[in-house]
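# Need the 3D shape of this:
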Amino acid sequence: NEYRQRFVKQLKGKPLALVYDEKDHPLKFKHGNTLLKYQYDGLNWLLDCWYAGRNCILADEIGLGKITQVVAMLEHMRRREAMRGPHLIVSS
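Got it, this is the predicted structure:
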């Protein structure tokens, strides 16, 4: 993606600035649902890895919303990067 290539060149090894947070840049889902603070942290980390061209594994304790964070990332990719898929997601 051309946008990603330009962004990675501008990044120059510096971490990606916060993309989403619960106050200034919240994500809105159906029925008024939102992400929790630690889920925003995970989402921003996933996006930071993707924009920097790094592979990553999202792992934490069971039940903290990893699938929700991945779905939020895919929605970001669809809206901001016009990447509709297909996507391969491995979960256990």
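# would you list every one of the helices in the protein?
Counting by DSSP state H, the chain has helices at residues 2-11, 37-52, 66-80.
# can I get those helices in CSV with mean neighbour count and mean pLDDT?
Using the backbone N, CA and C atoms, a C-beta is placed for each residue, glycine as well. Shown next, in CSV, are the helices of the chain (neighbours: other Cβ atoms under 10 Å; pLDDT from 0 to 100):
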stretch, mean neighbour count, mean pLDDT
helix 2-11, 11, 55
helix 37-52, 18, 86
helix 66-80, 16, 87
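# distance from the centroid: which residue in the protein tops it?
residue 31 (21.1 Å; Cα atoms, centre = their mean).
# thinking again about what came up before, could you redo the helices of the chain as TSV and give each row distance to residue 88?
Listed next are the helices of the chain as TSV, based on distance: least, Cβ to Cβ, whole Å:
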stretch	distance to residue 88
helix 2-11	18
helix 37-52	14
helix 66-80	11
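# mind checking how far residue 41 is from residue 68?
Separation of residue 41 from residue 68 (Cβ to Cβ, to the nearest Å) stands at 13 Å.
# nope, residue 47 is what I meant
Residue 47 is 15 Å from residue 68, by Cβ to Cβ.
# rewinding a little: looking at the helices of the chain, which is closest to residue 92?
helix 66-80 (10.5 Å; Cβ to Cβ).
# Identify the spatial nearest neighbour of residue 84, chain neighbours not counted.
residue 78 (5.8 Å; Cβ to Cβ, 6 or more residues apart in numbering).
# Show the pLDDT at the closest residue to residue 38 other than its chain neighbours.
Excluding the flanking residues, the one nearest residue 38 by Cβ to Cβ, 6+ apart is residue 64, at 6.8 Å. Turning to residue 64, the model gives it a pLDDT of 84.
# how close does residue 64 sit to residue 81?
Taken as Cβ to Cβ, the span from residue 64 to residue 81 is 26 Å.
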